[in-house]
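# Sequence below, structure please.
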Amino acid sequence: MGRIAPNLSLPTETSRKGPMDPCRIELVTHDEVGPSYFDDGDREVVVDVAVRLVNALRRFNVDIEGIGVSPVCHVCTPVPEAYKVELGKLRADQVVGMANQLDAYADEFQRMQDRERAEPEKPATRNRATKNRKRNRK
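I've put the predicted structure just below:
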């Protein structure tokens, strides 16, 4: 007798129509699937987050070329998520450059905030058009 595919088995029980022929294979019919069958919602969420991170870092002139999304190995990692964002293999000089760039922007933001706090609040003034309208009404 020939080999049977591992997920197919020969029916041995009786069906509703009577005894089953042991040489006959019955296939179960299901709806056909499309490409969306392979969509992975968990992965899509993590990809969206990774895209957001890359775009945010690029605003600060920091580009991580090796960034990617990969499945978590649940055998060796106790992480409950299905996917993780990996920053790739970065050399120490690349990390220092990125950190320096981010620090420079953070320092500039801090200087701007310090200047804003140091400036005395100016009283609200009316513009000339408002003053002229009030003068003309009298």
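# Show me the helices in this protein, by range?
41-59, 92-118, 128-137 (DSSP state H).
# shaky segments in the chain?
Scanning the chain for pLDDT under 70 picks out 1-22, 122-138.
# again, only using 90
Residue ranges of the chain with pLDDT under 90: 1-45, 60-61, 63-66, 71-84, 87-91, 119-138.
# Show the contacting residues for Asn61.
Applying C-beta atoms under 8 Å, 6 or more residues apart in numbering, we find Asn61 in contact with Gln101. Placement of C-beta: from N, CA and C, glycine included.
# now with 10 Å?
Met98, Gln101, Leu102, Ala104, Tyr105 (C-beta atoms under 10 Å, 6 or more residues apart in numbering).
# next one: Ile64
By C-beta under 10 Å, 6+ apart, the contact set of Ile64 is Ala50, Leu53, Val54, Leu57, Arg58, Glu86, Leu87, Gly88, Leu90, Gln94, Val95, Met98.
# Ramachandran angles for the residue lying closest to Val72 once chain neighbours are set aside?
Nearest non-adjacent residue to Val72, counting by C-beta to C-beta, 6 or more residues apart in numbering: Val79, 4.9 Å away. In terms of degrees, to the nearest 10, the main-chain angles of Val79 are phi -90, psi 130.
# wait, Pro71 sits on Asp42?
Yes: in this structure, Pro71 is within contact of Asp42 by C-beta atoms under 10 Å, at 9.1 Å.
# returning to that earlier point: by neighbours, which of the contacts of Asn61 wins?
Highest neighbour count within the contacts of Asn61: Met98, with 18 neighbours (other C-beta atoms under 10 Å).
# and the gap between Arg91 and Asp63?
14 Å (C-beta to C-beta, to the nearest Å).
# now do Val69
On the measure of C-beta to C-beta, Val69 and Asp63 end up 17 Å apart.
# between those two, which one's more packed in?
Val69 (17 against 12).
# The residue nearest to Val72 and Cys73 touch, don't they?
Yes: the pair Val79 / Cys73 is scored as a contact, 8.8 Å apart, by C-beta under 10 Å.
# ends of stretch 60-68, how far apart?
19 Å (C-alpha to C-alpha, to the nearest Å).
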